[in-house]
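> Below is the structure, and that's it, no one-letter string:
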């Protein structure tokens with residue numbers, strides 16, 4: 001039976017991953033240094049294999065691992081796993097800077113191992129339908145929050161990276177120009193606007209306002225023949241000339257399925273078992289663009 005580890009048992013692991021992984025036919029091993037959390041989670045899901053040290057987890061013989069620890073610890077954890085020939089799925093971002101992310105990606109490639117970042121939106125059914133559109137001339141994505149300005153680097157790498165990665169996933173052209181604007185006040189970033197411009201004339205625009213008064217996500221893809229809009233990673237509106245069609249994800253569909261978590265977890269597990277690269281494993285460019293965004297914002 002496939003042995004898989006989970007490192008870090010906080011909110012994201014409990015809400016988005018354990019409900020899915022716990023149903024998989026694998027031998028699951030839990031690791032956190034917090035003894036009470038380790039006991040609570042293992043008893044809740046009836047997992048027998050638990051470890052308080054990373055060394056013990058590695059020694060258990062796991063073949064792959066999900067890393068849900070704080071981003072500041074990603075580099076050391078992921079490096080140790082890769083050096084021990086363990087495939088890795090890590091929450092986005094891989095690290096908070098492009099140089100260290102690039103080093104880990106290079107190590108994974110050298111060892112012929114999987115290093116996959118958790119960009120679940122690439123697997124969300126509503127967003128995958130947008131990728132069906134041929135020759136888009138404009139893409140606009142907004143992901144807004146309320147009363148949540150933040151440090152520039154963590155704002156961009158923790159949150160805005162989802163917008164960046166989704167644009168790159170849907171934008172089928174080479175990016176020839178990158179334009180960044182934003183608002184900073186007392187050292188905190190309030191909003192950011194990114195434009196990716198292609199030599200073809202096509203443009204992808206990413207917007208995040210964390211002082212917007214609302215929490216929302218909206219993605220629009222335009223072609224010369226139609227426009228498609230997805231609201232909150234769920235409902236799709238298709239505009240064709242004077243016709244408007246609504247495609248809704250089924251009311252009974254699971255939230256984790258709608259947002260692509262079930263599919264991305266399954267893709268990683270199947271890839272670990274087969275030794276092949278996952279469908280959407282190439283995410284280094286997203287980290288590189290985020291680094292460029294941070295550097296431009298720091299000049300404002």
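Perfect, I can see it now. Quantities reported herein were computed from a predicted structural model and do not represent experimental measurements.

> In the protein, which residue is most central in space?
Nearest residue to the geometric centre of the chain (Cα atoms, centre = their mean): residue 119, 2.2 Å.

> Surely that one touches residue 286?
Yes - Residue 119 lies in contact with residue 286 (Cβ atoms under 8 Å); the separation is 7.3 Å. From N, CA and C alone the C-beta is placed, and that goes for glycine too.

> C-terminal to the helix or strand in which residue 271 is found, what's the next element?
Following DSSP states H and E, one finds residue 271 within helix 261-274. Once helix 261-274 ends, the next helix or strand along the chain (criterion: DSSP H and E) is helix 284-297.

> Quick check: neighbours shared by residue 119 and residue 286?
residue 165 (Cβ atoms under 8 Å, 6 or more residues apart in numbering).

> So which residues of the protein form helices?
In the chain, the segments counted as helices under DSSP state H are 11-12, 18-21, 35-45, 54-59, 74-83, 98-111, 125-130, 152-154, 161-170, 255-258, 261-274, 284-297.

> Listing request: residues of this protein with sub-threshold pLDDT.
By pLDDT under 70, the low-scoring segments of the chain are 248-253.

> And the residue sitting furthest away from the middle of the chain, how close does it get to residue 230?
Each residue of the chain has a distance to the centre, and by Cα atoms, centre = their mean the biggest one is for residue 242: 35.4 Å. Going from residue 242 to residue 230 by Cβ to Cβ, to the nearest Å gives 21 Å.

> Also residue 270?
26 Å.

> between the two, which one's more packed in?
Each of residue 270 and residue 230 has its neighbours counted (other Cβ atoms under 10 Å); residue 230 has more, 23 against 13.

> contacting residues for that one?
Contacts of residue 230 by Cβ under 8 Å, 6+ apart are 126-127, 130, 218-220, 236-237.

> tell me the two of those that are most distant?
127 and 237 (13.9 Å; Cβ to Cβ).

> picking that back up, could you say which one of the helices of the chain comes nearest to residue 90?
helix 74-83 (5.7 Å).

> Which strands and helices lie in contact with the closest one?
Applying 3 or more Cβ pairs under 8 Å, 6 or more residues apart in numbering; DSSP states H and E, one finds that helix 74-83 contacts helix 54-59, strand 64-67, strand 87-90, helix 98-111.

> Pull the residues that contact it.
Residues contacting helix 74-83 (Cβ under 8 Å, 6+ apart): 7, 54, 58, 65, 67, 69, 88, 90-91, 93-95, 100, 104, 107-108, 111, 113, 115.
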